[in-house]
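Novice: Return atomic coordinates for the entry below.
(2 chains)
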2 protein chains.
Amino acid sequence: MTDADAASGSVGVVLVAAGSGSRLGADKPKAFVPIDEDPILLHAIYAVHGVQEVAALAIVAPPEWLEAAQELVDLHLGCPCFTTRVVAGGAERTDSVRAGLAALPDDVDIILVHDAARALTPVEVFERVIDAVGAGAAGAVPGIPVVDTVKTVDDRGIITGTPDRSRLRAVQTPQGFLADVLRGAYAGGLTATDDAALVELAGHDVVVVEGDPLAFKITAPEDLDRAARLVAEGA
Amino acid sequence: MTDADAASGSVGVVLVAAGSGSRLGADKPKAFVPIDEDPILLHAIYAVHGVQEVAALAIVAPPEWLEAAQELVDLHLGCPCFTTRVVAGGAERTDSVRAGLAALPDDVDIILVHDAARALTPVEVFERVIDAVGAGAAGAVPGIPVVDTVKTVDDRGIITGTPDRSRLRAVQTPQGFLADVLRGAYAGGLTATDDAALVELAGHDVVVVEGDPLAFKITAPEDLDRAARLVAEGA
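Specialist: The predicted structure is shown next:
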């Protein structure tokens, strides 16, 4: 594949794997905690490998775990279908995403930012995000309906409102953007709760596409149990 | 126990068990679907029985299932620690709650409205709600932090905002209120998404107290599997 081919509608992925494993009660970073035999990070990489449009992958790992991440890539991913680079994350999530963006080639058209902790995200979710951006959206994020009634509260815990649940979406990753839009938003020096919010702040429309319950984030020990059951069942 | 005793800080519970089991793929109402050996409704009743302050319970069941609900009560709950009545639910949830309210004695001071589908709600959650109302709140509902980033969207799915997650709570049941306040709110003929919203609309403050992940609502087959595992583990 030439650079020219890669530039035509090509997708770069920043895979953020820099989080701590403390909430899982693990003695290693979350991405290196095994779901079954394979660590969370490897499951996440496998998912990315299922997405045909991907031309480049930047894995953002904790600084002390770069070698371990590179070993995972070298051992398990012999086929060089696309460029894979492993880079060190920073103190905050935004620093980690920034490091990943710097490690992607300049010529990718669309950039996805994905949390490795959403290790079982189906390929279809990636495709829906890519399709929405390819169809003209500046940004697209997967989202699912919110099950519980959600309330807003003040400092004292008094309810201040009940947002219309039909208007709410719990958003997941990968979050996808036109490469120029995302790089521009990060260059602006703003901060926000997630990449979509950063791009919204920069004045662009971001659309929510259909997410998937399987794209849940592994956070607590119960989530890890759930992931293990799903993998055992062939998810 | 005399009526006078019951009136002193006593609690009435409306247990709403009128929902369909269609999302569980069941051929019977949700409350009658077994978690392990026992149906969801019975687990919910057991939880209510663990709450010392309860003086009266109104179980709201689908009209065709009144007898089945009464049998559950008769067979399993020999001890008449408090009045239990089984009444027929209506077309909408508000109709069902209204039927439950009518079945409770006039002299209870605090009324809790609880979804039977939150069958594994720990007794501590009931106690926190009762304590908050007993301490002077017009209403109290259990809530837990929202894990995912939540977005608001417009008709086209374009993101319109990112509510501050630290201000959001996913609310559960039991929702508890001063009896007069709840009866007054239902008498007003207003409609709302939940009982707390109805009481808020009527001009009263409702406070959020700490909920519990175990108070999750059994909605999808996966939730039923989770409940069965928790029951097997002794939850």
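
Novice: The nearest residue to A:A18 once chain neighbours are set aside: what's it in contact with?
Specialist: Nearest non-adjacent residue to A:A18, counting by CB to CB, 6 or more residues apart in numbering or on different chains: A:G89, 3.0 Å away. C-beta: built from backbone N, CA, C; applies to glycine. By CB atoms under 8 Å, 6 or more residues apart in numbering or on different chains, the contact set of A:G89 is A:V16, A:A17, A:A18, A:V60, A:A61, A:P62, A:P63, A:D95, A:S96, A:A99.

Novice: quick one: low-confidence parts of chain A?
Specialist: A:1-8, A:77-80, A:235 (pLDDT under 70).

Novice: switch the cut-off to 90
Specialist: Applying pLDDT under 90 to chain A flags residues A:1-9, A:19-23, A:25-26, A:36-37, A:74-83, A:91, A:147-148, A:188-193, A:222, A:233-235.

Novice: Would you list the phi and psi of the residue nearest to A:A18?
Specialist: Per-residue torsions, A:G89: phi -80, psi 170 (degrees, to the nearest 10).

Novice: separation between it and A:L72?
Specialist: A:G89 is 15 Å from A:L72, where distance means CB to CB, to the nearest Å.

Novice: do A:A116 as well
Specialist: 11 Å.

Novice: which neighbours do those two share?
Specialist: With CB under 8 Å, 6+ apart as the test, A:A116 and A:L72 both reach A:L41.

Novice: So between the two, which is more surrounded?
Specialist: A:A116 (31 against 22; other CB atoms under 10 Å in any protein chain shown).

Novice: That one against A:A31, yeah?
Specialist: Yes: with contact defined as CB atoms under 8 Å, A:A116 reaches A:A31; the gap is 4.6 Å.

Novice: quick one: common contacting residues for those two?
Specialist: A:A17, A:G19, A:I40, A:L41, A:A44.

Novice: what's around the last one, how many residues?
Specialist: Right, A:A44. A:A44: 25 surrounding residues under other CB under 10 Å.

Novice: what residues are up against it?
Specialist: A:L15, A:A17, A:A31, A:H114, A:A116, A:A117, A:R118, A:A119, A:T121.

Novice: measure the residue found closest to the last one once you drop the neighbours it is linked to in the chain to B:S22 for me?
Specialist: Okay, so that is A:T121. Spatial nearest neighbour of A:T121, chain neighbours left out: A:A215 (4.0 Å); criterion: CB to CB, 6+ apart. The gap separating A:A215 from B:S22 is 25 Å, by CB to CB.

Novice: The two: which is more packed in?
Specialist: Per other CB under 10 Å, whichever of A:A215 and B:S22 has more neighbours is A:A215, with 25 against 10.

Novice: Isn't that one up against A:Q175?
Specialist: No: checked against CB under 8 Å, the pair A:A215 and A:Q175 is beyond contact range at 11.3 Å.

Novice: Identify the contacts common to these two.
Specialist: Common neighbours of A:A215 and A:Q175 (CB under 8 Å, 6+ apart) are A:P142.

Novice: looking at this, A:H43 is in a helix?
Specialist: Yes: according to DSSP: H, G, I helix; E, B strand; the rest coil, A:H43 belongs to a helix.

Novice: That one is in contact with A:R118, isn't it?
Specialist: No: with contact defined as CB under 8 Å, A:H43 does not reach A:R118; the gap is 9.7 Å.

Novice: Within range of chain B, give me the residues from chain A.
Specialist: Where chain A comes near chain B, counting by CB under 8 Å from any CB of the partner chain, the residues are A:141, A:143, A:146-154, A:156-160, A:162-163, A:165, A:167-172, A:192-194, A:196-197, A:200, A:205-209, A:213, A:217, A:219, A:222.

Novice: Just those residues: which are in strands?
Specialist: In strands, judged by DSSP state E, the following of the residues of chain A next to chain B are found: A:141, A:143, A:149-153, A:159-160, A:168-171, A:206-209.

Novice: Just the buried ones out of the residues you listed, please.
Specialist: A:141, A:143, A:149-151, A:153, A:159, A:168-171, A:206-209 (16 or more other CB atoms under 10 Å in any protein chain shown).

Novice: what's the closest of these to chain B?
Specialist: A:A170 (3.8 Å; CB to the nearest CB).

Novice: need the contact list for the spatially closest residue to A:A232 that is not a sequence neighbour.
Specialist: In this structure, A:A232 finds its nearest non-sequential neighbour in A:D36, 6.8 Å apart by CB to CB, 6+ apart. Applying CB under 8 Å, 6+ apart to A:D36 gives the contacts A:A228, A:V231, A:A232.

Novice: how much space is there between A:R85 and chain B?
Specialist: According to CB to the nearest CB, to the nearest Å, A:R85 and chain B sit 27 Å apart.

Novice: among the buried ones among the ones in strands among the residues of chain A next to chain B, which two are most distant?
Specialist: Longest distance between any two of those is 31.0 Å, between A:I159 and A:V209; criterion CB to CB.

Novice: Any chance of a ChimeraX selection covering the buried ones in the contacts of A:D36?
Specialist: Only the buried entries of the contacts of A:D36 go into this ChimeraX selection, using 16+ other CB under 10 Å:
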select /A:231
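
Novice: Now secondary structure and distance to A:V108 too, for the contacts of A:D36, in JSON lines please.
Specialist: Compiled in JSON lines, the contacts of A:D36 are given as follows (DSSP: H, G, I helix; E, B strand; the rest coil; distance: CB to CB, whole Å):
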{"residue": "A:A228", "secondary structure": "helix", "distance to A:V108": "34"}
{"residue": "A:V231", "secondary structure": "helix", "distance to A:V108": "30"}
{"residue": "A:A232", "secondary structure": "helix", "distance to A:V108": "35"}
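
Novice: Just the closest of the contacts of A:D36 to A:V181, please.
Specialist: When the contacts of A:D36 are compared for distance to A:V181 (CB to CB), A:V231 comes out closest, at 34.7 Å.

Novice: was I right about that closest one contacting A:I35?
Specialist: Yes: counting by CB under 8 Å, A:V231 touches A:I35, with 5.5 Å between them.

Novice: Show me whatever sits in contact with both of these two.
Specialist: A:H43.

Novice: List the buried residues for the host helix or strand of A:L75?
Specialist: For A:L75, the host element (DSSP states H and E) is helix A:66-76. By neighbour count on 16+ other CB under 10 Å, the buried set for helix A:66-76 is A:L66, A:A68, A:A69, A:L72, A:V73.

Novice: The third one: what's it in contact with?
Specialist: By that I understand A:A69. Contacts of A:A69 by CB under 8 Å, 6+ apart are A:A17, A:A31, A:L41, A:I59, A:A61, A:V86.

Novice: repeat that with 6 Å
Specialist: A:I59, A:A61, A:V86 (CB atoms under 6 Å, 6 or more residues apart in numbering or on different chains).

Novice: My guess is the first one contacts A:V86. True?
Specialist: Meaning A:I59. Yes: using CB atoms under 6 Å, A:I59 is in contact with A:V86, at 4.8 Å.

Novice: These two: which is more packed in?
Specialist: Set A:I59 next to A:V86 and count neighbours by other CB under 10 Å: A:I59 wins out with 28 against 22.

Novice: Could I get the contacting residues of that one?
Specialist: Counting by CB under 6 Å, 6+ apart, A:I59 has contacts A:L15, A:A17, A:A69, A:V86.

Novice: Mind doing that once more with 7 Å?
Specialist: A:L15, A:A17, A:A69, A:T84, A:V86 (CB atoms under 7 Å, 6 or more residues apart in numbering or on different chains).
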